[in-house]
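Colleague: coordinates only, sequence not included:
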């Protein structure tokens, strides 16, 4: 080595030392997820005081304080029959006050079950203004923020942190201080000002797969997230499985077929020109194996190998302009619900000129059937289409085959008046959709069971719960197999009207009289339930339900933990959060992923150090690189090593893939 290289080399090593420490320190063995339980699942605590009551059977009578009545509805659920505090509900659509670096918090109200060692992640729309600071027209267009809660049962504490998903588009809008990209559900732009370039808000779900964490939005590609620091690593193609074209996307609602341990993802693109919608399906091996981790317990970071297809991807086509948020999976079929939705070309001029979003070009025809498409997972044969009663479904609880019968439990919306803009009627610029909702008139979502005979394709329909309900989950071990119980959010109204999904319910599909409900105060609202199976549990309801509770009076959030078998008794323990979390969407539980506060802080410091000093790294390494390759240079050695190439690539694009480059560098 030439003598004049030594100062540059030493300077590089000194500056890189803290970075290397942060990203190469192997994670302790207790951080390794339990490989048998780290799975994608279908998707707080409250003080026991005042009007918080467990509402089961005839144990509780109504009170004058509540000015409500408690009765049993036809499906066995008891709860007050009344309203909710609308203003408290709407406060949950306020932009998150801040990001929180990792901090430790104690559980309150009871011991933490020993089985709850792991990390709960949840994603959601948490910024409700555009680049100008103007309110978004629809909450679904808000930028995503990922919350991570790592639970340690022994100490009765959790490490909490939350961070924005820093997509490239979000960072560009932040720098420009104005909207640069169109939103899907509202806040459009004219075509000549970016109206055909939709913003990937990465706000809908989080996916854990073979040591990787991903923020999902079905209109674009996933963004990889560091599981510890929650730093955004950049947009990814899932090891080249998802293309890079405008129409190449990946579902925000993948699912796992438990019996075959298969992760099923899909994408769709409604083509208004052809009047058809192609759907693409991937079936990935979902088994966690030692290859995902090094001997020290640290995650390996090779770029290829996480998403291994068990069979070639399939593309099927259905007639019409399909809007498919969720697909159910059975032993033999992909189950696709296609509501009677069409794209109205007469509405295009308004979209082109930025007068309305693309979703307002969709029209719902309540006189036509909802088509249920059954597509064989092995790609053989023809797909079957069964016309059902007209309804729209965002989410399915589960589907399974039992002999010649296929059962689908779905949250079916009925009551759409039809016509264009059916998902956001009566739009008003500058006013978010929830502020305009009249819950007495909006469509109602109920848990409905369809049983389809696979020999003659006739079906029966049964309402399993008549309350307005959403976000259904089951024990993930039953996914694609027969289940009995469904946990979901539901309203406090039994009069056939819609309302905020405020309560938590357990629906017994075999004995409605045993269905139960837990109802919080009028100002408190549950988030999507997350089922965590109990290790070694035999009964289907042996496990825990995690949910975030938002208090609209106090503007606070907390994590509530319920015994899944007896949710009506209320939370068994609770974890207050430092910062209120807005109403959100989907989450996931990663059993056994339990880094310490120090582990997480070290990773956070590494990310911050890189962000602050990347320019200096670039200069030093450029000098060294030039010295080695310039006139008289050796042209080999350090400059040709893979870590050097990765690091230089990282420094060339610090905003989009800096952390990904570092992880490759240390891998």
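Modeller: Sure, I can see it. Because the structure is predicted, anything quoted here is derived from the model rather than measured.
Colleague: Could you use CA atoms for every contact and neighbour count after this?
Modeller: Fine.
Colleague: Count the neighbours of the nearest residue to residue 411 once chain neighbours are set aside for me.
Modeller: In space, residue 411 comes closest to residue 447 once its chain neighbours are excluded; the distance is 4.6 Å by CA to CA, 6 or more residues apart in numbering. Applying the criterion other CA atoms under 10 Å, we find 26 residues in the vicinity of residue 447.
Colleague: With residue 129 instead?
Modeller: Under the criterion other CA under 10 Å, the count of neighbours that residue 129 has is 22.
Colleague: Find the nearest non-adjacent residue to it, please.
Modeller: Across the structure, with CA to CA, 6+ apart as the measure, the residue nearest residue 129 apart from its sequence neighbours is residue 135 (4.4 Å).
Colleague: about what we covered before: just to check, the residue nearest to residue 411 is in contact with residue 463?
Modeller: Yes - taking contact to mean CA atoms under 8 Å, the distance of 6.1 Å between residue 447 and residue 463 places them in contact.
Colleague: now residue 401: how far from residue 485?
Modeller: Residue 401 sits 16 Å away from residue 485, going by CA to CA, to the nearest Å.
Colleague: And for residue 330?
Modeller: Residue 330 is 17 Å from residue 485, where distance means CA to CA.
Colleague: what about these two, which has more around it?
Modeller: residue 330 (26 against 22).
Colleague: wait, doesn't that one sit right on residue 478?
Modeller: No - with contact defined as CA under 8 Å, residue 330 does not reach residue 478; the gap is 10.6 Å.
Colleague: Going by residue numbers, what spans are strands in the stretch 201-350 of the chain?
Modeller: Using DSSP state E, counting those that start in this stretch, the strands of the stretch 201-350 of the chain run over residues 205-209, 212-216, 223-225, 232-235, 255-257, 262-268, 276-285, 309-319, 328-329, 333-338, 341-343.
Colleague: Mind putting those into JSON lines with mean pLDDT and distance to residue 532?
Modeller: As requested, these are arranged in JSON lines below (pLDDT from 0 to 100; distance: least, CA to CA, whole Å):
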{"stretch": "strand 205-209", "mean pLDDT": "96", "distance to residue 532": "14"}
{"stretch": "strand 212-216", "mean pLDDT": "96", "distance to residue 532": "18"}
{"stretch": "strand 223-225", "mean pLDDT": "96", "distance to residue 532": "22"}
{"stretch": "strand 232-235", "mean pLDDT": "94", "distance to residue 532": "26"}
{"stretch": "strand 255-257", "mean pLDDT": "95", "distance to residue 532": "15"}
{"stretch": "strand 262-268", "mean pLDDT": "95", "distance to residue 532": "18"}
{"stretch": "strand 276-285", "mean pLDDT": "94", "distance to residue 532": "21"}
{"stretch": "strand 309-319", "mean pLDDT": "92", "distance to residue 532": "26"}
{"stretch": "strand 328-329", "mean pLDDT": "98", "distance to residue 532": "20"}
{"stretch": "strand 333-338", "mean pLDDT": "96", "distance to residue 532": "25"}
{"stretch": "strand 341-343", "mean pLDDT": "86", "distance to residue 532": "36"}
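Colleague: Confirm that residue 581 sits in a strand.
Modeller: No - assignment of residue 581 by DSSP: H, G, I helix; E, B strand; the rest coil gives coil, placing it outside any strand.
Colleague: Check the spacing between it and residue 575 real quick.
Modeller: Using CA to CA, which is the criterion applied here, residue 581 is 13 Å from residue 575.
Colleague: Repeat that for residue 223.
Modeller: Going from residue 223 to residue 575 by CA to CA gives 28 Å.
Colleague: Who has more neighbours out of those two?
Modeller: residue 575 (26 against 23).
Colleague: Kindly state the beta-bridge partners for that one.
Modeller: Listed by DSSP bridges, the beta-bridge partners for residue 575 are residue 559.
Colleague: I'd like to know how far residue 543 sits from residue 455.
Modeller: Distance, residue 543 to residue 455, using CA to CA: 37 Å.
Colleague: Please identify which of the two sits among more neighbours.
Modeller: In this view residue 543 and residue 455 are compared by other CA under 10 Å, and residue 543 has more residues nearby, 22 against 8.
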